[in-house]
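next one to model:
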Amino acid sequence: MGAGDGGDSGRASRHPADRLIRALIATGRAATPEEVAAIVECLASAPFDRRPVPVPTRMRGMSYQGRVLGARDDSLAYHLVKRVLEERQWAEGTTAAQYVADLHRAVRAASRLTVYERRGGPIAATVTPTDRVLSVEQLGEEPYPLILVVYSADRGIITSGYQISGLETAGIPKEALWLK
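Below is the predicted model of the structure:
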């Protein structure tokens, strides 16, 4: 995984939408259509987290597209292997760049957008019907009907993206502010 496969997780959170996300969480006010569009555009162009993360023991040694997961590995590599090999949500052969592009498409096609605080940090998340984003050929053997994309407004990056069976399984807090 190199250039063009998801971006740099080092970008500082300087996008105006990041400040907007924080303000909406702090005030609880409804967002205007223009503000919703700005948040969506920010998320739809955000890089995926590339920091090293701990890899669960059960996944260490898994090999995908010539990469073997270690005890700590690139977050994008870990998420890709998890979504393709372990959870079988995306089809085998999906590259990191394709996975990130799918998440960006999911953000643009989202039916729901929410903002909330998680572990002290501001989060924005979108929920999109999977069939708006992935073709039958792109689906793994165990797909779910919705794609959840999670974005950190503190770090200006997508931290996760995966398929869910319903909103109740997404782990979104009850106090989340739904913007759309």
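
separation between residue 25 and residue 119?
For residue 25, the distance to residue 119 (CB to CB, to the nearest Å) stands at 13 Å. C-beta: built from backbone N, CA, C; applies to glycine.

ok, which stretches of this protein are strands?
Counting by DSSP state E, one finds strands in the chain at the ranges 52-54, 63-64, 67-68, 72-74, 112-118, 121-129, 146-152, 157-164, 177-178.

quick one, which of those gets closest to residue 36.
Residue 36 lies closest, by CB to CB, to one member of these: strand 112-118, at 6.2 Å.

direction included, what does that closest one pair up with?
Strand 112-118 has these partner strands in its sheet, going by DSSP bridges: strand 121-129 (antiparallel), strand 177-178 (antiparallel).

only the buried residues of that strand, if you could.
112-116 (16 or more other CB atoms under 10 Å).

same question, stretch 102-111
For stretch 102-111, burial by neighbour count (16+ other CB under 10 Å) applies to 102-107, 109-110.

so which of the residues you listed sit within helices?
Per DSSP state H, helices hold the following members of those: 102-107.

tell me the one among these nearest to residue 78.
Closest to residue 78, out of all of those and judged by CB to CB, is residue 103, at 14.7 Å.

wait, the closest one touches residue 149, no?
Yes - the criterion here is CB atoms under 8 Å, and residue 103 meets it with residue 149 at 5.0 Å.

so who does the closest residue to residue 138 other than its chain neighbours touch?
Excluding the flanking residues, the one nearest residue 138 by CB to CB, 6 or more residues apart in numbering is residue 91, at 5.4 Å. Contacts for residue 91 (CB atoms under 8 Å, 6 or more residues apart in numbering) come out as 84, 137-140.

quick one: stretch 78-85 to chain centroid distance?
The chain centre lies 13 Å from the centre of stretch 78-85; the measure is CA atoms, centre = their mean, to the nearest Å.

quick one: buried residues of that stretch?
Applying 16+ other CB under 10 Å to stretch 78-85 flags 78-85 as buried.

avg pLDDT for that stretch?
The average pLDDT within stretch 78-85 is 98.

do the same with stretch 15-28
Here the average pLDDT along stretch 15-28 is 96.

surely residue 77 and residue 70 touch.
No - counting by CB under 8 Å, residue 77 sits too far from residue 70 to count as a contact (9.7 Å).

more neighbours, these two?
residue 77 (23 against 14; other CB atoms under 10 Å).

the strands of the chain: which one's closest to residue 34?
Comparison of these against residue 34 by CB to CB identifies strand 112-118 as nearest, at 13.4 Å.

just how off-centre is the closest one within its chain?
Taking CA atoms, centre = their mean, one finds the center of strand 112-118 at 12 Å from the center of the full chain.

ok so, going back, need the overlap of contacts for residue 103 and residue 149.
Both residue 103 and residue 149 are contacted by 158, 161, under the criterion CB under 8 Å, 6+ apart.
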